[in-house]
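Enquirer: 3D model of this:
(2 chains)
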Amino acid sequence: KQEVTQIPAALSVPEGENLVLNCSFTDSAIYNLQWFRQDPGKGLTSLLLIQSSQREQTSGRLNASLDKSSGRSTLYIAASQPGDSATYLCAVRPDSWGKLQFGAGTQVVVTP
Amino acid sequence: DTAVSQTPKYLVTQMGNDKSIKCEQNLGHDTMYWYKQDSKKFLKIMFSYNNKELIINETVPNRFSPKSPDKAHLNLHINSLELGDSAVYFCASSQDLAGGHSSYNEQFFGPGTRLTVL
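Expert: Residues are numbered from 1 along each chain as shown, chains lettered A, B, ... in the order given. Predicted structure coming up:
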């Protein structure tokens, strides 16, 4: 059974510092992996999707890597800003049938 | 333009009542989902429909019945509401072909419906 873990559960950094968020999964046979952010009381915003055949994806200040063999993905956010404060969720799609299995999230606070 | 929309945003009701949550997507996607986020903020899949056909049903009590009148809509009807049903319910959609053999299957989420059962 696939399990998705995100450590740490919470993280606080000063503005300008780079953020490193970790996601691990127990079964390396995944279809893809998706990173989301969730603001309090709001829905999920998709940040990046990495297909199983890819090693990384980049969008602006965000870069996500995928190492299937070790069951890990890392989300890097460069030069963090207070607006980056949110909960970041990693989700694994285990097969072609669409359901996502989520980690519990990392709550990030970027202090000015 | 809102890509995935849900109504209502908030729903407060008494135990034992029947309620519905509506979801619509204007992305032209083939697949829609319902997820539940519990009080510990953990998100779990409930159902998935592809072109109005049920493809995922994750051991959800049969008091929950999804209905897809067309591929742009997936509604969730809940009978005999219980205290434990209190949660935030999210609808999502993706452009997936039947069987999931699509090269692009990013899921887009609605804003959520916060259900409180008293």
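Enquirer: Under the pLDDT cut-off, which ranges of chain B? List them.
Expert: By pLDDT under 70, the weakly predicted segments of chain B are B:1-2, B:97-104.
Enquirer: 90 instead?
Expert: The model of chain B has pLDDT under 90 over residues B:1-2, B:30, B:39-42, B:49-60, B:71, B:95-106.
Enquirer: Low-confidence bits of chain A, can you list those?
Expert: Looking at chain A by pLDDT under 90, you get A:1-2, A:31, A:40-43, A:51-53, A:94-99.
Enquirer: ok, 70 please
Expert: For chain A, no range has pLDDT under 70.
Enquirer: In it, what residue comes closest to chain B?
Expert: residue A:96 (3.0 Å; Cβ to the nearest Cβ). For every residue, glycine as well, the C-beta is placed using N, CA and C.
Enquirer: That residue contacts residue A:30, correct?
Expert: No. The criterion here is Cβ atoms under 8 Å, and residue A:96 misses it with residue A:30 at 10.8 Å.
Enquirer: In terms of neighbours, single out the busier of the two.
Expert: residue A:30 (21 against 15; other Cβ atoms under 10 Å in any protein chain shown).
Enquirer: Could you measure from the more buried one over to residue A:97?
Expert: The spacing between residue A:30 and residue A:97, counted by Cβ to Cβ, to the nearest Å, is 13 Å.
Enquirer: contacting residues around the spatially most central residue of chain B?
Expert: Nearest to the mean C-alpha position of chain B, by Cα atoms, centre = their mean, lies residue B:34 at 2.5 Å. For residue B:34, the contacting residues are B:23, B:45, B:46, B:47, B:48, B:66, B:74, B:76, B:89, B:90, B:91, B:92, by Cβ atoms under 8 Å, 6 or more residues apart in numbering or on different chains.
Enquirer: Equivalent analysis for residue A:50, please.
Expert: Contacts of residue A:50 (Cβ under 8 Å, 6+ apart): A:32, A:33, A:34, A:56, A:57, A:64, A:65, A:66, A:73.
Enquirer: Pretty sure residue B:20 sits against residue B:75.
Expert: Yes. Here residue B:20 lies in contact with residue B:75, judged by Cβ under 8 Å, at a distance of 5.8 Å.
Enquirer: neighbour count winner among those two?
Expert: Set side by side, residue B:20 and residue B:75 give different neighbour counts by other Cβ under 10 Å, the larger being at residue B:75 (19 against 13).
Enquirer: ok, residue A:107 - contacts?
Expert: A:9, A:10, A:11, A:86, A:87.
Enquirer: so it is in which element?
Expert: Under the criterion of DSSP states H and E, residue A:107 resides in strand A:106-111.
Enquirer: Tell me the buried residues in that strand?
Expert: A:106, A:107, A:108, A:110 (16 or more other Cβ atoms under 10 Å in any protein chain shown).
Enquirer: And it, how far out from the chain middle?
Expert: 13 Å (Cα atoms, centre = their mean, to the nearest Å).
Enquirer: Sheet-wise, list the partners of that strand with their directions.
Expert: Here strand A:106-111 is paired, per DSSP bridges, with strand A:10-14 (parallel), strand A:86-93 (antiparallel).
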